[in-house]
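>>> Here is my input, please return the structure:
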Amino acid sequence: EIAPTQQRDPRRSMATHRECSWAEVARHNSQEDAWVVLNGKVYDVAAFLQSHPGGVLALLKHAGSDISEVFPHIPGHRAASEAFLNKMLVGPVEPREAPAPPDEQGAEPLCNGSADKSQPSGGGSSSSS
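Down below sits the predicted model:
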């Protein structure tokens, strides 16, 4: 019954099966544009939010982040079929640790700026030289 890929805008099809950065995933954290990471794969769950059995907020609070730790512990989620998840698959996430929550990242550009990741995120004291 639920056809998430049919409800999304055409931009999603262009993103299918490409590697995503953690910064890019973190940017997709709204009801209109929600991505999550599960076991190293990025899923566009925006179209599924309204149909989520636990409610919109239960899924939306994890938008833009890795749900691999919480997903298997929620009743009913183990039964989620790979075929169902694959309908929402964007692609793999780059192999690195998840970023800090958005309010700890500040207002740095998060997408289309891979150069911003090469600069240290200044904490104020740079007395290591």
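>>> What strands line up against the helix or strand encompassing Val37, and which way round?
Using DSSP states H and E, Val37 sits in strand 33-38. Strand pairing for strand 33-38, determined by DSSP bridges: strand 29-30 (antiparallel), strand 41-44 (antiparallel), strand 65-66 (parallel).
>>> can I get the CA coordinates of that strand in PDB?
This file holds the C-alpha atoms of strand 33-38, laid out as PDB (Å, rounded to 0.1, in the frame of the first residue of the first chain):
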ATOM      1  CA  ASP A  33      13.200  16.300   3.300                       C
ATOM      2  CA  ALA A  34      14.100  13.500   5.700                       C
ATOM      3  CA  TRP A  35      16.900  11.000   5.400                       C
ATOM      4  CA  VAL A  36      18.200   8.500   7.900                       C
ATOM      5  CA  VAL A  37      21.200   6.100   7.900                       C
ATOM      6  CA  LEU A  38      20.600   2.500   8.700                       C
END
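>>> which stretches of the chain aren't confidently modelled?
Residue ranges of the chain with pLDDT under 70: 1-16, 97-129.
>>> of the strands paired with strand 33-38, which approaches Leu85 most closely?
Among the strands paired with strand 33-38, the nearest to Leu85 by CB to CB is strand 41-44 (6.1 Å). In short, each C-beta sits where N, CA and C put it, glycine included.
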